[in-house]
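[1] below: sequence and its predicted model.
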Amino acid sequence: MTEDGPSGPRSDLLAIYRAAIEAVEGRARVAEFLDECPPSGPVHLVAIGKAAAAMARGALDALGPRILRGLVITKHGHLDPALCAEPGIECLEADHPLPGPASLAAGARLVRFLEEAPDEARFLFLISGGASALVEVLPPGVAPAELERANRWLLASGLDITQMNRVRKAISAIKAGRLAAHLRGRPVLCLLISDVPDDDPAVIGSGLLVADRRGGDISDLELPDWLQALAARNTAPPGNGNLRRVECHVVGSLQEAKTAAAARAVELGYEVSRHRTFLGGDAAEAGRACARALLEEAPGTVHIWGGETTVRLPEHPGRGGRSQTLALAAAEELAGHGAAWLLAAGTDGSDGPGGDAGALVDSGTIERGRAAGLDPDEALARADAGTFLEAAGDLIRTGPTGTNVMDLVIGLRR
Ligand SMILES: O=C(O)[C@H](O)CO
């Protein structure tokens, strides 16, 4: 991406984004929690999600040999070889965002891992976003192709994560607390990094160990008949009865990331406007609204938003996810407005297909992309913001960050 030297606005926005991520990094957050509140004996460790490897490292830092065995399940490319070389730690990579054969294999291994542990075992669960796709056990009579079709539909539907996970829970044999049937009443300490609004453990990873308060009813959601019918075939009993000895704590959240971002911006000498409303809804509309807010306010202020927007995908989507879509739509608003910058990126380091974390756009982005022969409206319509932003030199790439607390949008006008 286009740099502007060690102390320009672009590097400042990147520094603010990095500070936010660092504040909710999985290894440090888990170690800190366990140092203060260690479990009362040795534990069997289960880590699932995009931040699983970092969180598992944090548990090893804090508990060392008190971890008897461990199972770490994360997205392809997110494993840490040093972690996998630790004695007693088994690592699996699984499919994300669409649950596939590796997710079903991981789900089966997870159930076996719990079943094999002795009656006196205590478990330490470390859950982060992505867990819904990474592990699955199908209810009797549901085929893998039906699971894939359902998730493909959900990902393109524009439903928010709470709605999407209600559907995922309704077609699963382990989500909505059903995994607890395999605990046989043994105690669990569950630490979570939240990538959902209101940090609700029942929504994070579709609540493997948390009962569904709505009892699995999804009749109020606008879903195709075949999907409602699929859910109606799920005979797996609810998880409610087995959850008494599960204790959950959220150890990383969007609010903490925003607080750290604000603190870094102040250190860098800026005024800060921290927007409290959750940034949701259509990604392009959210991008336009953020850019307009930036242009309306006094210059010299860093604006911080956080949330998770949605993109309704065409049949053949291009490159880039919701943050890149938001950034490109914002760039259209900023075009020609002088010194204004806006960073939009996932805190997990991955924003849809293409492996980029997001983008940092400015008032010249549209001109640079057009100079490469690309059209921003076409790119938005084809869900291909990434191709445009690459041509403009505005993509951000971080690799896996060891955390996942949704997306940040950070803007600045001078
Ligand atoms: O895996 C999931 O369900 C989402 O990332 C929300 O936690």
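    Done, it's in. Please read these numbers as outputs of a predicted model, since none were measured by experiment. Numbers count the residues shown, from 1 in each chain.
[2] grab the nearest non-local neighbour of Ala28.
    For Ala28, ignoring the flanking residues on the chain, the nearest one in space by Cβ to Cβ, 6 or more residues apart in numbering is Gly58 at 6.4 Å. C-beta: built from backbone N, CA, C; applies to glycine.
[3] mind listing the strands for this protein?
    All strands of the chain, identified by DSSP state E, fall at 43-48, 67-75, 89-94, 123-127, 188-193, 246-252, 271-274, 301-307, 340-346, 358-362, 395-396, 407-413.
[4] tally up the residues packed near the residue nearest to Ala28, please.
    When counting by other Cβ atoms under 10 Å, one arrives at 27 neighbours for Gly58.
[5] give the contact list for it.
    26-32, 34, 126 (Cβ atoms under 8 Å, 6 or more residues apart in numbering).
[6] try Pro140
    Here Pro140 is in contact with 173, 235-236 (Cβ under 8 Å, 6+ apart).
[7] show me which residues of the chain are close to the ligand?
    Proximity of the chain to the ligand is confined to 129-132, 161, 165, 195-196, 204-206 under the rule Cβ under 6 Å from any ligand atom.
[8] if we use 8 Å, what do you get?
    The chain comes close to the ligand at residues 49-50, 127-134, 161, 164-165, 168, 194-196, 203-206, 404, as judged by Cβ under 8 Å from any ligand atom.
[9] now, of those, which are buried?
    Among the residues of the chain next to the ligand, those buried by neighbour count (16 or more other Cβ atoms under 10 Å) are 49-50, 127-134, 161, 164-165, 168, 194-196, 203-206, 404.
[10] now, those that are in helices?
    Among these, the members falling in helices (DSSP state H) are 131-134, 161, 164-165, 168.
[11] residues near Thr235, how many?
    The tally of other residues near Thr235 (other Cβ under 10 Å) stands at 10.
[12] show me the contacts for it.
    Under the criterion of Cβ under 8 Å, 6+ apart, the contact partners of Thr235 comprise 139-141.
[13] from the ligand, how far off is it?
    23 Å (Cβ to the nearest ligand atom, to the nearest Å).
[14] phi, psi of that residue?
    Backbone geometry at Thr235, expressed as degrees, to the nearest 10, gives phi -100, psi 0.
[15] quote the end-to-end distance of stretch 31-48.
    For stretch 31-48, the first and last residues are 16 Å from each other (Cα to Cα, to the nearest Å).
[16] actually, stretch 400-414.
    One end of stretch 400-414 to the other measures 31 Å (Cα to Cα).
[17] now that stretch: average pLDDT?
    Along stretch 400-414, the predicted confidence averages to a pLDDT of 96.
[18] ditto for stretch 104-118
    The average pLDDT for stretch 104-118 rounds to 98.
[19] show me how far it is from its chain's centre.
    Relative to the mean C-alpha coordinate of its chain, stretch 104-118 is positioned 24 Å out (Cα atoms, centre = their mean, to the nearest Å).
[20] same check, this time on stretch 277-285
    16 Å.
[21] since that was my last question, I'll sign off now.
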